[in-house]
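[1] fold the following for me, if possible:
(2 chains)
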Amino acid sequence: MFVQQLINGITVGGIYALIALGYTMVYGILKIVNFAHGDVFMIGGFMGLILAQTTNLPIWIAYPLAMLITALIGVLIERICYRPIRLHGADALAILISALGVSIFLENFAQLVWGTETHAYVQKIQRTAYNIAGITLSNIQIGVIVLCIILMIVLYLVVNKTKMGMAMRATSQSITSAQLMGINTEKVIALTFGVGSALACVAGILVGTYYDAVYPLIGYSYGLKAFAAAILGGIGSVPGAMLGGFLLGIVETLGAGYISTGYRDAFAFGILILVLLFRPSGLLGKKHVDKV
Amino acid sequence: MAMLEINDLKVKYGVIPALKGLTFHVDEGEIVALIGANGAGKTTTLHAISAIVDKSGGTISFNGKNITNEKAYKIVGMGIAHVQEGRGIFSEMTVLENLMIGAYLRKDKADIQADLKQVYSLFPRLEERKAQNAGTLSGGEQQMLSIGRALMAKPRMLLLDEPSMGLAPVVVEDIFRTIRKLNKELHMTILLVEQNAQMTLHVVNRAYIMENGKIVHSGTAKELRENDEIRKTYLGL
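    Alright, predicted model coming up:
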């Protein structure tokens, strides 16, 4: 029972982590919370569904294509809704309001185009369940966990070992200093939105495949949980978002399994409150010190 | 021909003019200083050259090329490296990463390694601490890192913004010695912004004295050191 719940928790947690990465990367660079990110996740899920449904493309083409489209949407959102405000020198609050506007727009756009109902996901992968020592494990579950872990390792290597990653880290510490090094920071910011959105698209497709459902308001609950995961791990920290995602998924699954499913969200946000009480900057977040 | 030529440069912060038409030049191989009190517009001048702030008028040309409307991230590639006030180092990256990011635009790997060696020989402390996070360095070491990082871009000209700020007197002397060395031995052209007029006028060839966004005096370091009014106002003698 415990191991079973743990595996279920890791599966959900991996998905939270993928979405949380988008929140934390954007926050790391621009110090804004992109409240539209949950809805980008929803759009990503729909993109995967539509491409798999309406075309005959195999999923290894259809899903990366969906990622690419979602990445472009993410870049466009930054370009149209955040950048003009940012370059105008407005404070973070104005961008936050713009983000809420984008969120409302995307949710309504999705309801208008795809209807308010829940859509069954195209199951391109035959679901098989394995039973190992009393633990049920589906191939989809294994796929979700493995894919999440691979993507996180790739992202970690890109951020820490490549020149582009170095530019991203520099930009997140100081946009001005980064520009003085010759870094095109606007390109870095666009890339950050693109990568975050592509990861959210993967999460959307995984949720669709795992739960066999996608609907226009799915981004609200997942977005909120993933945002909580990002804060739990320390917003702005890439490993923090990963840790926060897994931890949140495991805690809420264990809580739901052992105590009551009705309190699933209470466990998720309860642990967030607990951690923030003792570590206000999150588990792996840097303590913020203002030097004079 | 002047290496850096600035003509009637104007900058506004909102409606408040910060630079009210600045004209000056720096020749190749020179060290030139902008001296003045807080709020005179010295840092703004450097920011305008590096395109970190928007200009409301005037022109800037470098090596005969008009760079007035270039984007900030293009300036360093043209050969102007800017050492910011307060150092502007990436405190969550290692010393080595900071230096390497200075060479961000360069592709010549062997040359970059040679320049890294040169920076290390100039500042041996940086080599000792290359694996350390830059935020753990002392103020003087951070200033060395900031200058070293700028050198890694292989610039033709350095803009130094208040390199002595917040440093102990011995360290300040050290930094000024380095600045002189960069100019004499590496033939680096330098535009230096300083409040420490006393020390500055012993290092530079020429200086411009700024007040309220304008240049009010200019001359060779010797002329300015011997000018009575300047001795009283800026050197406190």
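[2] residues in contact with the helix or strand of chain B with the lowest mean pLDDT?
    Every helix and strand of chain B was ranked by mean pLDDT, DSSP states H and E. The lowest is helix B:228-233, at a mean of 84. With Cβ atoms under 8 Å, 6 or more residues apart in numbering or on different chains as the test, helix B:228-233 has contacts from B:209, B:217, B:224-225, B:237. (C-beta placed from N, C-alpha, C; glycine too.)
[3] and for stretch A:135-144?
    In contact with stretch A:135-144 (Cβ under 8 Å, 6+ apart) are residues A:3-4, A:7-8, A:11, A:14-15, A:125-131, A:206, A:209-210.
[4] among those, which are located in helices?
    A:3-4, A:7-8, A:11, A:14-15, A:206, A:209-210 (DSSP state H).
[5] of those, buried ones?
    A:7-8, A:11, A:14-15, A:206, A:209-210 (16 or more other Cβ atoms under 10 Å in any protein chain shown).
[6] show me which pair in the residues you listed is furthest apart.
    For these, the farthest-apart pair by Cβ to Cβ is A:I7 and A:T209; their separation is 16.6 Å.
[7] output stretch A:47-60 as CSV, nothing but the C-alphas.
    The C-alpha coordinates for stretch A:47-60 follow below in CSV (Å, rounded to 0.1, in the frame of the first residue of the first chain):
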residue,chain,number,x,y,z
MET,A,47,-2.5,20.7,-28.8
GLY,A,48,-1.3,17.2,-28.2
LEU,A,49,-4.9,15.9,-28.3
ILE,A,50,-5.8,17.8,-31.5
LEU,A,51,-2.6,16.8,-33.4
ALA,A,52,-3.0,13.2,-32.4
GLN,A,53,-6.7,13.2,-33.3
THR,A,54,-6.9,15.1,-36.5
THR,A,55,-3.6,14.0,-38.1
ASN,A,56,-2.2,10.6,-38.8
LEU,A,57,1.2,11.6,-37.4
PRO,A,58,2.8,9.1,-35.1
ILE,A,59,3.1,10.5,-31.6
TRP,A,60,6.8,10.9,-31.8
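[8] near chain A, which residues of chain B show up?
    Where chain B comes near chain A, counting by Cβ under 8 Å from any Cβ of the partner chain, the residues are B:50, B:52, B:71-77, B:81-82, B:84, B:88-93, B:97, B:100-102, B:104-105, B:149, B:153.
[9] now, which of these lie within strands?
    B:81-82 (DSSP state E).
[10] so how do I select the buried members of the residues of chain B next to chain A in ChimeraX?
    To isolate the buried ones among those in ChimeraX, judged by 16+ other Cβ under 10 Å, type:
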select /B:50,52,72,73,75,76,81,82,84,88,89,90,91,93,97,100,101,102,104,149,153
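[11] host element of the residue positioned nearest the centre of chain B?
    Computing the C-alpha centroid of chain B and ranking residues by Cα atoms, centre = their mean puts B:L160 first, at 1.5 Å. B:L160 belongs to strand B:157-161 when assigned by DSSP states H and E.
[12] and chain A, which of its residues are near chain B?
    Residues of chain A found near chain B (Cβ under 8 Å from any Cβ) are A:163, A:166-167, A:169-170, A:173-174, A:176-185, A:286.
[13] 10 Å - rerun?
    Residues of chain A lying near chain B by Cβ under 10 Å from any Cβ of the partner chain: A:89, A:160, A:163, A:166-167, A:169-188, A:286, A:289, A:291.
[14] can you select the buried ones among those for me in ChimeraX?
    Here is the ChimeraX selection string for the buried members of the residues of chain A next to chain B, based on 16+ other Cβ under 10 Å:
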select /A:166,167,169,170,171,172,173,174,175,177,178,179,180,181,182,183,184,185,186,188
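[15] just the ones in helices from the residues of chain A next to chain B, please.
    Among the residues of chain A next to chain B, the members found in helices (DSSP H) are A:160, A:163, A:166-167, A:169-173, A:175-180, A:185-188.
[16] thinking again about what came up before, strand partners of the strand holding B:L160, parallel vs antiparallel please.
    With DSSP bridges as the test, strand B:157-161 is paired with strand B:80-83 (parallel), strand B:189-194 (parallel).
[17] who's in contact with residue 163?
    Looking at chain A here, since you left the chain open. A:K163 makes contacts with A:183, B:100-101, B:104, as judged by Cβ atoms under 10 Å, 6 or more residues apart in numbering or on different chains.
[18] chain B, not that one
    B:P163 neighbours (Cβ under 10 Å, 6+ apart): B:83, B:85, B:87, B:140, B:143-144, B:146-147, B:172, B:175-176, B:178-179, B:192-194, B:196.
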